[in-house]
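Chemist: sharing a model prediction with you, sequence too.
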Amino acid sequence: MKNPALKYFLISLVIIIIDQVVKMLVHTNMTMGSGGQIMIFGTWFKLHYLTNPGMAFGLKLDFIYGKLILTVFRIAAMFAIGYYLFSLVKKAAHKGLLICIALILGGAIGNLIDSIFYGVLLDNAPFDAPSPWFHGQVIDMFYIDIWEGYLPDWIPLLGGDYMALWPVFNIADASIFASICIILVFQKRFFKKEETEESPELEETASV
């Protein structure tokens, strides 16, 4: 392949396509909310169609142009990650790191597509969006039901409150999260610094 970076951008493209296909299947075939969820493994892993107006775990900038700012930030992040991937390829970085960055890029673009276009194409922009463009909500569907219930009263501040630990995510989220975890686990291997050998002149200087 003439351009060595191309194969890594193709990995990003594959993630984008898979992510969008799954989201369209969920949107066109499932009912949103608990009424339409599908059990996969018992009650702890299921398909559950919901939309996320903000970032991971439902975090958002809670003011009128918050979603627009978040989408613009995602666009900037997409270009930054793409440039970083290209520069790593030029430096002949570890293949594992290159694949991880490609997966992160694909996941970032996958969710960005939702934010830019779904407000118009799927009409899922928040009701108070000034304009549906750049205000679309991200489609999530994989539901891991870890635990939900009331916390014991003896826990400071949160005692007695109802809490649910149930991440709902999509292919793009999984691609980003898994890649970051792999980078953290193998960071010494991925970012291993080449040991510089001392030149004869330095050795002579050191021996004086």
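Modeler: In hand now; what should we look at?
Chemist: give me every residue that touches A172.
Modeler: Neighbouring residues of A172 by CB atoms under 8 Å, 6 or more residues apart in numbering: 15, 19, 106-111, 138. All C-beta spots, glycine's among them, are computed from the backbone N, C-alpha and C.
Chemist: for those residues, give me TSV that also has pLDDT, secondary structure and neighbour count.
Modeler: Formatted as TSV, the contacts of A172 follow (pLDDT from 0 to 100; DSSP: H, G, I helix; E, B strand; the rest coil; neighbours: other CB atoms under 10 Å):
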residue	pLDDT	secondary structure	neighbour count
I15	98	helix	25
D19	98	helix	24
G106	98	helix	27
G107	97	helix	26
A108	96	helix	22
I109	97	helix	22
G110	97	helix	26
N111	95	helix	28
V138	94	strand	25
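Chemist: out of the residues you listed, which one sits closest to I155?
Modeler: Nearest to I155 among the contacts of A172 is V138, at 31.6 Å by CB to CB.
Chemist: list the contacts of the closest one.
Modeler: With CB under 8 Å, 6+ apart, V138 has these contacts: 51-53, 111, 114-115, 118, 170, 172.
Chemist: do that again at 10 Å, thanks
Modeler: 23, 50-56, 74, 110-115, 118, 124, 169-170, 172-173 (CB atoms under 10 Å, 6 or more residues apart in numbering).
Chemist: PyMOL command to pick out the buried ones of the residues you listed?
Modeler: Burial among the contacts of V138 is assessed by 16 or more other CB atoms under 10 Å; the matching PyMOL selection reads:
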select buried, resi 23+50+51+52+53+54+74+110+111+112+113+114+115+118+124+169+170+172+173
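Chemist: out of the contacts of V138, which are inside helices?
Modeler: 23, 74, 110-115, 118, 172-173 (DSSP state H).
Chemist: would you turn those residues into a markdown table with distance to A5?
Modeler: Shown next, in a markdown table, are these (distance: CB to CB, whole Å):
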| residue | distance to A5 |
| --- | --- |
| K23 | 27 |
| R74 | 22 |
| G110 | 20 |
| N111 | 22 |
| L112 | 20 |
| I113 | 22 |
| D114 | 26 |
| S115 | 26 |
| Y118 | 29 |
| A172 | 21 |
| D173 | 25 |
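Chemist: are we agreed that Y143 is in a strand?
Modeler: Yes. Assessed with DSSP: H, G, I helix; E, B strand; the rest coil, Y143 lies in a strand.
Chemist: quick one: pLDDT of it?
Modeler: Per-residue pLDDT puts Y143 at 92.
Chemist: once you drop chain neighbours, what's closest to I11?
Modeler: A102 (4.1 Å; CB to CB, 6 or more residues apart in numbering).
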